[in-house]
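In: Okay, here's the prediction I keep looking at, along with the sequence it came from:
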Amino acid sequence: MLKRTRPPAANQPPKKPYSVTLVTVAAMLLPGSGQVLNGHPVRGITMQFFMMLMAFITYQVTDPDISFVGRIAGGILVYLVSVLDARGMAVRRMRAWERATSPETAGADPETAGSESAEPSP
């Protein structure tokens with residue numbers, strides 16, 4: 001059973017996410033691990049399942065005279081999508097963490113954070 005973690009208290013800064021490079025390399029080396037590092041283990045397992053399923057289906061459907069890479073092309077496609085998904089999620093998490101911990105928005109109202117007026121105030 002997965003252990004649920006509580007969100008950080010209001011006075012504590014959020015935990016820094018893993019670096020985008022680490023998540024991307026992990027996703028390249030072991031499919032689904034990038035999603036796990038991003039905090040979405042079910043998504044990682046789902047990606048692995050569909051990668052194997054698509055590789056199996058394309059292997060069964062193609063002719064034997066087609067190269068091995070061509071026969072598992074469906075699995076390779078899902079693999080590439082999972083790497084791009086893990087990287088995109090890592091970038092979004094890092095940007096959200098940077099916004100949450102930046103000094104300009106530390107005590108600001110979330111609705112007005114990041115919106116600056118066009119005129120300088122006197």
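Out: Now that the structure is in, tell me what you want to look at.
In: any idea how far V83 is from G44?
Out: To V83, G44 is 12 Å away according to CB to CB, to the nearest Å. Every residue, glycine included, has its C-beta placed from N, CA and C.
In: Give the intersection of the neighbour lists for these two.
Out: Common neighbours of G44 and V83, using CB atoms under 8 Å, 6 or more residues apart in numbering, are 31, 34.
In: looking at it, G34 is touching V83, isn't it?
Out: Yes - counting by CB atoms under 8 Å, G34 does reach V83; the two are 6.7 Å apart.
In: I'd like the average pLDDT over the longest helix that the chain contains.
Out: Ranked by residue count and defined by DSSP state H, the top helix of the chain is helix 73-101. In this model, helix 73-101 has a mean pLDDT of 94.
In: quick one: buried residues of the host helix or strand of I57?
Out: Using DSSP states H and E, I57 sits in helix 41-61. By neighbour count on 16 or more other CB atoms under 10 Å, the buried set for helix 41-61 is 43-44, 47-48, 50-51, 54-55, 58-59.
In: Nice, that's everything, thank you.
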